[in-house]
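Undergrad: requesting a structural model of the entry that follows:
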Amino acid sequence: MKRHQTPRKGTVEYSAFAFCAARAARVFHPFSLWIYTMKRWTFLPLALAGLLAAGAAVAQGFVREAPRDVRPGIIVVSATPPVITVDGKPDRLSPGARIRDHNNLLVLSGGLATKTVHSVYRRDPSGLVHEVWMLTPEEYAKVAPAYAAPQDGPKKFAELLSVVFGNRK
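TA: Residues are numbered from 1 along each chain as shown. This is a model prediction of the structure:
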């Protein structure tokens, strides 16, 4: 057999060649995720678990603050959003409007079609409703009269709003 030829199967030289090749693969690639696929599948869940634990640790320190420059209002979403009614007057949601529920999660306007929402909202520079924070009817009953008060109305409104959002988790 010449030096550059691979030995034929079934010969003694072939079995020694195969044994040495397999051993060399283990020596030179002991941590290869492509040769030893089980390591790849155990690494992925451990990495995801670490990321979830880090995310949970960050979320624990999150404090909800009351939004600024908002007005209370009862918003009725039509069957075809972005058309809405704010306190009985026709209005529209802006493109990219953000609606947040009681858990501060985003809600799509299509999910609120034909529903009435007690909320505080903020307008964008063009006058369309851009951000909405949903309130429970009890929270709205506390906050809305303070906004309409002639003296110390905005200050009292901001205090009540911070209390409402501070009690949420």
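Undergrad: how about E138, what does it touch?
TA: With contacts defined as CB atoms under 8 Å, 6 or more residues apart in numbering, E138 has no neighbours. Every residue, glycine included, has its C-beta placed from N, CA and C.
Undergrad: low-confidence ranges, this protein, go.
TA: Filtered on pLDDT under 70, the chain yields the residue ranges 1-43, 55-64, 169.
Undergrad: 90 - rerun?
TA: Within the chain, the stretches with pLDDT under 90 are 1-69, 102-104, 142-169.
Undergrad: helices of that one, residue ranges please.
TA: 12-28, 37-60, 137-148, 153-167 (DSSP state H).
Undergrad: list of residues touching the last one?
TA: Right, helix 153-167. 64-68, 70, 72, 120, 135, 139, 142-143, 146-147, 149.
Undergrad: just the buried ones from these?
TA: With neighbours counted by 16 or more other CB atoms under 10 Å, these contain buried members at A66, P67, V70, P72, V120, L135, E139, V143, A146, Y147.
Undergrad: which residues touch L112?
TA: Per CB under 8 Å, 6+ apart, neighbours of L112: V77, P81, I99.
Undergrad: give the contact list for the second one.
TA: P81 is in contact with L93, S109, G110, L112, A113, counting by CB under 8 Å, 6+ apart.
Undergrad: do you know how far the fourth one is from F157?
TA: When distances are taken as CB to CB, to the nearest Å, L112 and F157 turn out to be 24 Å apart.
Undergrad: ditto for the second one
TA: Using CB to CB, one obtains 25 Å as the distance from S109 to F157.
Undergrad: neighbour-wise, which of the two wins?
TA: Set S109 next to F157 and count neighbours by other CB atoms under 10 Å: F157 wins out with 22 against 18.
Undergrad: neighbours of Y121, just the number please.
TA: 23.
Undergrad: do you know how far it is from L52?
TA: Distance of Y121 to L52, given as CB to CB: 34 Å.
Undergrad: for the buried ones among the contacts of helix 153-167, which one is nearest G127?
TA: The nearest member of the buried ones among the contacts of helix 153-167 to G127, counting by CB to CB, is V70 at 14.9 Å.
Undergrad: longest strand in this protein, by residue count?
TA: Counting residues, the longest strand found in the chain (DSSP state E) is strand 89-100.
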